[in-house]
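Undergrad: Below are the sequence and a predicted model for it; my questions follow.
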Amino acid sequence: MTTSKVNVLICGGGNAAHVATGLAASRESLRTSVLTLYSDEAECWANSLKTNDFTTLIFNPDGSKTAIKSKPELVTKEPADCVPTADIIIFTMPAFAHETYLTSIEPYIKENTTIVGLPGQPGFEFQCFYILKSKAKQCTVMSFETLPWACRISEFGKSVDLLGIKQTLSASFLKQQSRPNYNPLEILQTIMGEKPVLRLADNYLELSLFFAMVHPALMYGKWKDWDGEPVQEKPLFYQGVDDVQVRYVDGISSEMVQTARTIMAKRPHVDLSGCIHIFDWFKKYYSHTIADNSSLLSCMRSNSAYDGLTHPMKVVEGGRFVPDFHYRYLCEDIPFGLAVTKGLAEIAGYDTPITDEVMLWCQEKIGKEYLVGHQLQGKDLADTRAPQRFGFHTLDDLEALM
Ligand code: NAI
C-alpha cells in the first residue's frame, strides 16, 4: 500500500528554521519546502543548495556528534509557490515576524492545513484567527510552548549546529472544523524524532498563561533600583538570582495560576488545571538538571541548563557594561508575553498588581505604553498580542475558539 507524502512548509530563515528544515527534509514520509520572506535569505539558501548538501550537526549528550544530510525540495520567498500545496505550515521565527507571514500566506491557504507556531508564544492563536479570519476555522492551529532545540547556524543555508534538545514539549491544539487526513502531532513528532516527547495541552489558554514572564520579572528585580552606573561584569541571569527577583517571578506566576482558577470557577468545563506555578514546573520538567529543588530560588540558581547565561548587556566606555533594555527579554516578552497574560486576567476579572508593577517599569524601558494604571488601554496596545487587540473581550469570545 502506498501512502502519499505529507507536505511540510517551514517558514523562517533563522537558527530554528535551519534545524526544522534539516530534520524534516531527512524524513522519508515528508516533502519539505522553505518560505523565507526576509531580505535575500531565500535566494542565498537556494543558491547554496545548488552546490552543497544541507547539514544538521547534532551534538549528542555523550559528547559525540551526528551529521544529518538532507535537502528541502524548494526554498522560496513566493507564498504562491509553496503555500497552496502545504499540509503543515510551521512558523519557526521570532514572534514579531508572525504577522508578516500570516498576512502573506492567507490568500493561498487551503482547507485542512495545519499552522504551527514553533514556538507560538502567547497570543499566537488570537493573531492567527484575526488575520486568517474565516479560513482559520478550516485550519488546525497549534502553538508550542517553546523551541525544542538550542541551535545556531554555522553557515547560512548550508549547516546548523543542534546543540541541545528538550526532553518534553507541550503544544496547544485548536481544530475547529478542520479535518486533516494526517495526525498533526504525529507529523511534528516525526520531524523532531525521539525527543522531545510531545504532549497536547488540555486547553489553548494553558500555554499563554504560563511562559514569557521569567525574563521581565528577573530584569525588573535586578535593575529597578539601578543607579545608572556601569558595572564591571555581566551579571549571571539565573545563577545570580536573589530574593528580590524571585519575589516577582513567584508573584507573577501566582497571578497567572489565579487567573486560570478564576476562569475555571466561572467556566467549570474549561480545564486549565495544567496551568501550574513556575516552581512546580521547574521541579517537573528540569529535575534532571537542577541540583537543589528546595525553593524557587534554588531551582533557578542551581539549574545547570542555565550555566553561564548572563543579563543582556551593552559595552560602554572603559569596557564596562550597562543593561540592554531593548533586548528581546523586554521587547518581545512584554508585547508577546505579559501583555497577553494581563489581557486574559482582565477578561477573567482578576486583578494583577505584581504583573502591573513589572509591566509598567518594562514598558517605560522600551518606550511603549500598553498599561495605563492597571488597565490595558495604552496607545501602543495595537503592537501587542493582547486578546483585546484582536476583538476578544469576554470569556465567551475566548471559548468561541475552543
Ligand atoms: P533568529 O534570531 O535566528 O531569527 C532570525 C530570523 O528571523 C531571520 O533569519 C529572518 O528569517 C527572520 N526575521 C528577522 N527579522 C525579520 C523581519 N523583520 N521580518 C521577517 N522575518 C524576519 O531566531 P531563532 O534562533 O531561529 O529563534 C526562533 C524563536 O525561537 C525565537 O522566538 C527565539 O527566542 C526562540 N528560541 C530560540 C532558541 C535558539 O537556540 N535559537 C532557543 C529557545 C528559543
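TA: Structure received. Numbering: from 1, shown residues only.

Undergrad: What residues does the nearest residue to Tyr130 once chain neighbours are set aside make contact with?
TA: Nearest in space to Tyr130, with sequence neighbours left out and distances taken as Cβ to Cβ, 6 or more residues apart in numbering, is Phe390 at 4.0 Å. For the C-beta atoms, the positions are set from N, CA and C on the backbone; glycine is no exception. Shown here is Phe390, whose contacts under the criterion Cβ atoms under 8 Å, 6 or more residues apart in numbering are 126-127, 129-130.

Undergrad: Could you identify the most distant pair in these?
TA: Gln127 and Phe129 (7.5 Å; Cβ to Cβ).

Undergrad: SS state for Glu28?
TA: Classification of Glu28 by DSSP: H, G, I helix; E, B strand; the rest coil places it in coil.

Undergrad: Ramachandran angles for the residue of the chain found nearest the ligand?
TA: Each residue of the chain has a distance to the ligand, by Cβ to the nearest ligand atom, and the smallest belongs to Gly14, at 2.3 Å. Recorded main-chain torsions at Gly14 are phi -90, psi -160, according to degrees, to the nearest 10.

Undergrad: And stretch 305-318, what's buried?
TA: 306, 311-313 (16 or more other Cβ atoms under 10 Å).

Undergrad: give the contact list for the closest residue to Thr113 other than its chain neighbours.
TA: Leaving out its chain neighbours, the residue that sits closest to Thr113 by Cβ to Cβ, 6+ apart is Cys139, at 5.1 Å. Counting by Cβ under 8 Å, 6+ apart, Cys139 touches 109, 111-115, 128, 132, 176, 178.

Undergrad: Ile68 too?
TA: Remark: with contacts taken as Cβ under 8 Å, 6+ apart, Ile68 is in contact with 22-23, 26, 55-58.

Undergrad: As a markdown table, these with secondary structure would be great.
TA: Compiled in a markdown table, the contacts of Ile68 are given as follows (three-state DSSP):
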| residue | secondary structure |
| --- | --- |
| Gly22 | helix |
| Leu23 | helix |
| Ser26 | coil |
| Thr55 | strand |
| Thr56 | strand |
| Leu57 | strand |
| Ile58 | strand |
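
Undergrad: Could you identify which of the residues you listed has the most neighbours?
TA: Within the contacts of Ile68, neighbour counts (other Cβ atoms under 10 Å) peak at Gly22, which reaches 27 neighbours.

Undergrad: Would you check that it makes contact with Ser70?
TA: Yes: Gly22 is within contact range of Ser70, at 5.7 Å (criterion: Cβ atoms under 8 Å).

Undergrad: re the thing from before, possible to save the contacts of Phe390 as a markdown table with pLDDT, neighbour count and secondary structure?
TA: Converted to a markdown table, the contacts of Phe390 look like this (pLDDT from 0 to 100; neighbours: other Cβ atoms under 10 Å; DSSP: H, G, I helix; E, B strand; the rest coil):
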| residue | pLDDT | neighbour count | secondary structure |
| --- | --- | --- | --- |
| Phe126 | 97 | 24 | helix |
| Gln127 | 98 | 23 | helix |
| Phe129 | 97 | 22 | helix |
| Tyr130 | 97 | 18 | helix |
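
Undergrad: any chance of those in CSV, with distance to Gly193 too?
TA: Shown next, in CSV, are the contacts of Phe390 (distance: Cβ to Cβ, whole Å):
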residue, distance to Gly193
Phe126, 31
Gln127, 29
Phe129, 31
Tyr130, 33
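
Undergrad: Report the residue spans of the stretch 201-350 of the chain with pLDDT below the cut-off.
TA: Under the criterion of pLDDT under 70, the regions of the stretch 201-350 of the chain flagged as low confidence span 211.

Undergrad: Could I get the full set of helices for it?
TA: Ranges of helices in the stretch 201-350 of the chain, per DSSP state H, counting those that start in this stretch, are 204-208, 214-223, 243-266, 278-285, 296-301, 328-331, 339-348.

Undergrad: From the chain's centroid, how far away is the fifth one?
TA: What separates the centre of helix 296-301 from the centre of its chain is 23 Å, taken as Cα atoms, centre = their mean, to the nearest Å.

Undergrad: how's this structure carved up into domains?
TA: Using automatic domain parsing, the domain ranges for the chain come out as 6-200, 208-399.
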